[in-house]
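Fold the following and give me the result.
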Amino acid sequence: MAGREGAPGPREARGIGGEDTARRRKNVKIDRSILPNGRIGLAVSGGADSVALAFLLTKGGKKKNAAKRFVILHVDHGLRAESAEEYEFVRALAARLSIPFEGLHAKVVRRQGESIEMAARRVRMEFFERCMAAHGLDAIATGHHMDDEAETFLMRLKRASGPEGLAGLRPVSRVGKVKFVRPLLGCRDAELKSYLRRFGEEWREDASNGDVSIERNKIRHKVIPFLVETLDPDLVEHIHKITALLRGEPVQTARREIAERSSSREP
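Coordinates of the predicted model:
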């Protein structure tokens with residue numbers, strides 16, 4: 001089953017947007033420069049990265065015109081028993097942030113030649129395309145972060161991908177009619193979880209993420225820790241720099257800071 005992570009404290013004291021925010025002036029690095037000026041869908045699965053994305057971009061729901069600027073998008077693929085609860089968790093999160101929610105309870109059916117993962121991705125992409133049109137979205141933001149980027153790089157390295165493939169997750173990309181932006185590529189997974197814990201916020205953990213028979217999970221839990229311990233303590237950051245160089249980007253331009261500033265009601 002999906003596990004609950006984070007321990008919510010009293011909302012008025014610890015929640016994002018609570019009274020202690022002004023006293024906690026730590027930064028989370030995100031890239032606002034890639035965000036379009038128009039309306040943005042936030043792809044929120046319920047995991048820590050996407051929950052942090054929703055809080056950061058909406059300033060805990062306190063950003064001016066957040067309800068007009070953002071829509072939370074969520075797909076219940078119906079492939080795990082806990083997915084229905086995750087759907088309700090994300091819908092409740094949208095209500096707390098006072099921004100619109102668009103969800104889908106999907107029935108994933110494989111077509112000939114598709115794996116179940118490919119079928120789920122197709123259903124998700126079709127949903128995103130409909131949301132782009134229905135809500136007038138300029139882009140959909142995802143919570144992909146630096147650790148995802150390192151995992152993707154190593155998966156493609158194993159397949160002997162060329163420079164285009166090794167460039168990995170791009171800050172901005174397009175799949176069909178959907179434009180994706182990834183403003184958290186300059187953040188580590190641990191930073192995002194620390195940000196949520198600091199304010200007592202919960203997220204959901206997919207139990208399948210611990211299954212090391214899945215290639216990405218094996219790289220996350222086995223390969224990267226081994227390489228960090230035996231080869232390079234800064235491996236993930238160095239891969240981040242390499243992928244930026246392969247894309248022809250100045251290494252630091254994809255990293256901007258959001259400070260938790262003056263308002264005691266902002267994250």
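
so how far is L56 from G200?
The gap separating G200 from L56 is 16 Å, by C-beta to C-beta, to the nearest Å. For every residue, glycine as well, the C-beta is placed using N, CA and C.

er, D49 actually
Taking C-beta to C-beta, one finds D49 at 10 Å from L56.

Identify the contacts common to the two.
L184 (C-beta atoms under 8 Å, 6 or more residues apart in numbering).

picking up where we left off before, between G200 and L56, which is the more surrounded one?
L56 (23 against 17; other C-beta atoms under 10 Å).

helix/strand/coil for the more buried one?
helix (DSSP: H, G, I helix; E, B strand; the rest coil).

Check R174 too.
Under three-state DSSP, R174 comes out as strand.

I'd say it and I140 touch.
No. Counting by C-beta atoms under 8 Å, R174 sits too far from I140 to count as a contact (10.6 Å).

Look at those two and report which has more neighbours.
I140 (20 against 10).

quick one on the thing from earlier: find the residues that touch each one of R174 and I140.
In contact with both R174 and I140: F180, using C-beta under 8 Å, 6+ apart.

hey, where'd the helices end up in the stretch 1-150 of the chain?
11-14, 48-58, 66-69, 83-97, 116-134, 146-158 (DSSP state H, counting those that start in this stretch).

which one of these is the most hemmed in?
helix 48-58 (a mean of 25; mean count of other C-beta atoms under 10 Å).

Which strands and helices lie in contact with it?
strand 28-30, strand 39-43, strand 70-76, helix 83-97, helix 189-198, strand 203-205 (3 or more C-beta pairs under 8 Å, 6 or more residues apart in numbering; DSSP states H and E).

low-scoring pLDDT stretches of the chain, where are they?
Residues of the chain meeting the criterion pLDDT under 70: 1-27, 251-267.
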